[in-house]
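>>> Dropping a prediction and its sequence here:
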Amino acid sequence: MSSRMIRPARAALASALFALVLAALAGCSFKPEKEIWEISGGIFGTTYHISVVMADDQDRLKALSEGIEKAMHDVDMAMSTYKPDSELSRFNSLADQTQWVPVSDALYTVLDKSLEVSRLTNGAFDITVGPLVNLWGFGPEARPEQVPDPNELAQRLAEVGYEKLHLRADPPAVRADSKLYLDLSAIAKGFGVDTVARYLEKEGIQDYLVEIGGEVRVHGNKPGGDAWHLAVEQPVEGARQVNRVVALTDHAMATSGDYRNYYESNGQRYSHTINPETGRPITHNLASVSVVADDCMTADALATGFNVMGWEKASELATRNNIPAYFIVREQDGFETHETPAFSSFVIQ
Ligand code: ADP
Ligand code: MG
């Protein structure tokens, strides 16, 4: 991506300058202050913003930004359904998927987590929904002019079901009972965030914030020791307003919502999230759900699964399993919010 950018975060720079002035006044020798550096660009059809806390070192920053880009590119080449030569697309286009097909460790990890979240959400999260995603025009196939034909829908619905997918850990491999089309769009972004986080830690960066397309993972602190603050957006298209703020130190947060990616036909809003039970886009009043987890792939998948379930069922499941989750529900006269007890401990505003 040629539009990649590296810049110091402004507030941090100001305080670093202030420290410099203080040090000069005190007449003592000055140790380079750590500040926040922001590396941003585009990947997975969306944007990324990565903040790293370190002293000014342009060569190192340049190397880091290249390493970050490569880490994300590798995930894309494994998991994209938009790239015909990705590892996932090659599996999807196999005529016979019933024999064990060897897969990379990365793909295995994401498929394994996908099945775990499918079981937890009783199939609300299901990566075998690909044929339906495409039918409704949210995948690589072109967007339909009208709502799909019921026969076509029934046919594609019959191809869906995570129980048809089987994994083998050692050596990592996958097979299917019948022809499947897997779609990792609801979890790959989160895995991409985790991959960048691992890369940064390997490079000795302890304090960072990694965000790809709204899915975030943080570690350590900001300069000065403050926790990273993350905003849960008001689910209004275009307007970037804050609904809630959480403080995280070593966690990830992902949000699934119907307010950004949807299309309208005859006054009806069609979300890109499909209910695998009905084969149709979800239509309920849950505007957004945010989930906090140790890693971003888990948060990402859970957020989509909870979005399919609707807030009442999902908040019950999340509460029972001690999962931090925050629901913004569209009501007649605005929004109503619900949070699980595990989520409340992160809220600061
Ligand atoms: P959101 O942030 O709104 O959850 P994501 O980008 O994480 O959006 O996931 C939405 C994408 O996931 C869809 O575009 C589609 O490719 C795929 N998808 C849709 N419905 C499901 C589902 N029930 N389970 C898993 N993946 C889904
Ligand atoms: Mg998701």
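Now that the structure is in, tell me what you want to look at. Numbers count the residues shown, from 1 in each chain. Ligands and ions are numbered 1, 2, ... in the order given.
>>> Can you tell me which residues in the chain are near ligand 1?
For the chain, the contact set with ligand 1 under C-beta under 6 Å from any ligand atom comprises 125-127, 129, 133, 138-139, 183, 185-186, 256-257, 272-274, 276, 300, 303-304, 307-308. Just so you know, the C-beta spots here come from the backbone N, C-alpha and C atoms, and that holds for glycine as well.
>>> Cross those against strands and list the overlap.
Of these, the ones assigned to strands by DSSP state E are S256, G257, I274.
>>> what ranges of the stretch 201-349 of the chain fall below the confidence cut-off?
Applying pLDDT under 70 to the stretch 201-349 of the chain picks out residues 259-269.
>>> same thing but at 90, please
233-243, 257-272, 283-285, 332-334, 349 (pLDDT under 90).
>>> contacting residues for A252?
Neighbour list for A252: 190, 193-194, 215-218, 292-296, 298-299 [criterion: C-beta atoms under 8 Å, 6 or more residues apart in numbering].
>>> An error on my part: the question was meant for V289.
T255, S256, G257, A303, F306, N307, W311, A314, A325, Y326, F327, I328.
>>> In the protein, which helix is the longest?
The residue-count maximum for a helix in the chain (DSSP state H) belongs to helix 58-79.
>>> quick one on the thing from earlier: could you dump the contacts of A252 to a markdown table with neighbour count, distance to V245 and secondary structure?
A markdown table is the format used below for those (neighbours: other C-beta atoms under 10 Å; distance: C-beta to C-beta, whole Å; DSSP: H, G, I helix; E, B strand; the rest coil):
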| residue | neighbour count | distance to V245 | secondary structure |
| --- | --- | --- | --- |
| G190 | 32 | 21 | helix |
| V193 | 29 | 20 | helix |
| D194 | 25 | 23 | helix |
| E215 | 28 | 17 | strand |
| V216 | 25 | 13 | strand |
| R217 | 29 | 17 | strand |
| V218 | 25 | 13 | strand |
| V292 | 25 | 13 | strand |
| A293 | 21 | 18 | strand |
| D294 | 12 | 20 | coil |
| D295 | 17 | 22 | coil |
| C296 | 30 | 19 | helix |
| T298 | 23 | 22 | helix |
| A299 | 30 | 17 | helix |
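>>> Which residue comes closest to D112 once chain neighbours are left out?
L167 (5.8 Å; C-beta to C-beta, 6 or more residues apart in numbering).
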